[in-house]
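Undergrad: Predicted coordinates and the sequence they were generated for:
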Amino acid sequence: MLSPKHVPPMPRVPARTAFAALLLAVVALSADAHEAAAQDDPRSRLVVDAAWLQANLDDPNVLVLHVGQNYAEAHIPGAVPVDLGAISVTTGDPDGPDYRRLELPDDLGSARSAFEAAGVSSGSTVVAVFEGSGVANATRAIWTLQVLGKDDARLLDGGLDAWTAAGGAVATGDAPLVERGVLDTPDRLDRRVDRDFVLAEGDAPGIALLDGRRPQHYTGEREERPGRAGHIPGAASVPLLSLFTDDGRLRPEGELRDLFTQAGVAEGDRVVTYCHIGFWASGVAFVARTLGFDARLYDGSMNEWALDPELPLVAGGG
């Protein structure tokens with residue numbers, strides 16, 4: 001055993017070097033904390049802005065899906081169009097009681113195949129882009145992907161207009177050729193609820209039933225087909241349009257929480273949304289997810305509910 005006088009002295013570190021090392025360690029810890037906080041923030045995982053997309057557009061794992069009717073006129077370079085008709089079905093006589101418009105198909109394989117044809121794979125970073133005021137088109141595509149087990153698809157905040165406002169280039173013409181994707185995530189049918197669930201659980205404790213239509217539809221001032229008016233008992237009004245600014249951007253988190261709180265949504269509630277045909281409701285469900293809520297969609301919405309005279313409706317503001 002060495003005696004103390006034979007122990008080699010510790011090398012002396014200059015104070016400036018030690019301070020620099022400490023500063024680097026603090027910066028690294030701060031970056032790690034920021035990354036962890038971002039991972040815990042559902043909004044940061046589900047919404048990207050134009051600056052993020054510009055910085056990541058060349059990433060081969062980033063897939064931009066254009067959800068709208070005017071792809072050929074203007075789209076983000078490299079974006080792939082998604083036809084809403086290819087990921088949903090319309091059945092029945094428009095004047096009959098069995099009419100269903102743009103609902104999730106019973107055979108999910110058709111929707112899965114349509115997304116795969118657009119290049120979507122289980123590991124893709126998908127960013128959905130909408131045109132003009134059509135945010136519900138993008139959120140409907142995102143919800144359909146969630147039902148197919150891919151729950152990390154993102155929304156471009158403000159859509160194509162925000163992209164061009166930020167100086168982003170646009171392309172015209174036909175879609176690019178893309179390699180077919182492999183979307184092998186397991187189905188999540190629990191993201192959809194049916195009329196029986198809404199009838200039995202719509203006003204149950206812990207369930208927040210939200211009507212995403214305009215207020216005049218909620219109150220019954222405007223009728224639904226075929227002449228019935230009002231809202232489902234127990235539902236609160238959270239119009240989709242109230243959750244976004246006029247230029248299609250998601251409102252600040254604090255404002256959104258206030259709107260949900262005013263509608264009676266409490267922490268830990270399961271949110272169930274509906275609207276006319278399940279499109280605006282997909283937007284309300286998406287926003288609920290950005291706030292950390294477990295959100296589900298009544299796909300039949302008023303397209304199904306109002307057509308059945310046996311199902312109750314409430315007029316007025318509550």
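TA: Happy to help now that I have it. Numbers count the residues shown, from 1 in each chain.
Undergrad: my guess is Gly119 meets Leu63, correct?
TA: Yes - in terms of CB atoms under 8 Å, Gly119 counts as a neighbour of Leu63; the distance is 5.4 Å. (C-beta placed from N, C-alpha, C; glycine too.)
Undergrad: what is in contact with those two at once?
TA: Counting by CB atoms under 8 Å, 6 or more residues apart in numbering, the common neighbours of Gly119 and Leu63 are 80, 181.
Undergrad: and the residue lying closest to Leu313 once chain neighbours are set aside, how many neighbours does it have?
TA: Excluding the flanking residues, the one nearest Leu313 by CB to CB, 6 or more residues apart in numbering is Gly230, at 3.7 Å. Number of residues near Gly230 (other CB atoms under 10 Å) recorded here: 21.
Undergrad: Same question for Gln54.
TA: Close neighbours of Gln54, defined as other CB under 10 Å, add up to 15.
Undergrad: just Ala166 next, same as before
TA: Neighbours of Ala166 (other CB under 10 Å): 13.
Undergrad: Give the closest residue to it in space, chain neighbours not counted.
TA: Ala50 (3.8 Å).
Undergrad: where does the one you found sit relative to Ala136, distance-wise?
TA: 20 Å (CB to CB, to the nearest Å).
Undergrad: Compare neighbour counts for the two and give me the winner.
TA: It is Ala136, of Ala50 and Ala136, that has more neighbours when counted by other CB under 10 Å, with 25 against 21.
Undergrad: list the contacts for that one?
TA: Ala136 touches 130, 240, 279-280, 282-283, counting by CB under 8 Å, 6+ apart.
Undergrad: Now do the spatially closest residue to Val287 that is not a sequence neighbour: how many residues are near it, please.
TA: Of all residues beyond its chain neighbours, the one nearest Val287 is Leu243 (4.8 Å), with distances taken as CB to CB, 6+ apart. Counted with other CB under 10 Å, the neighbours of Leu243 add up to 22.
Undergrad: quick one, strands of the chain?
TA: 47-48, 62-67, 80-81, 89-91, 100-103, 125-130, 154-156, 192-193, 207-211, 236-237, 270-274, 294-298 (DSSP state E).
Undergrad: Would you format those as a markdown table with mean pLDDT, mean neighbour count and distance to Glu310 included?
TA: A markdown table is the format used below for those (pLDDT from 0 to 100; neighbours: other CB atoms under 10 Å; distance: least, CB to CB, whole Å):
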| stretch | mean pLDDT | mean neighbour count | distance to Glu310 |
| --- | --- | --- | --- |
| strand 47-48 | 98 | 19 | 40 |
| strand 62-67 | 98 | 23 | 35 |
| strand 80-81 | 98 | 20 | 41 |
| strand 89-91 | 89 | 13 | 21 |
| strand 100-103 | 87 | 18 | 17 |
| strand 125-130 | 98 | 24 | 36 |
| strand 154-156 | 98 | 24 | 37 |
| strand 192-193 | 98 | 20 | 19 |
| strand 207-211 | 98 | 24 | 19 |
| strand 236-237 | 98 | 18 | 23 |
| strand 270-274 | 98 | 25 | 17 |
| strand 294-298 | 98 | 23 | 17 |
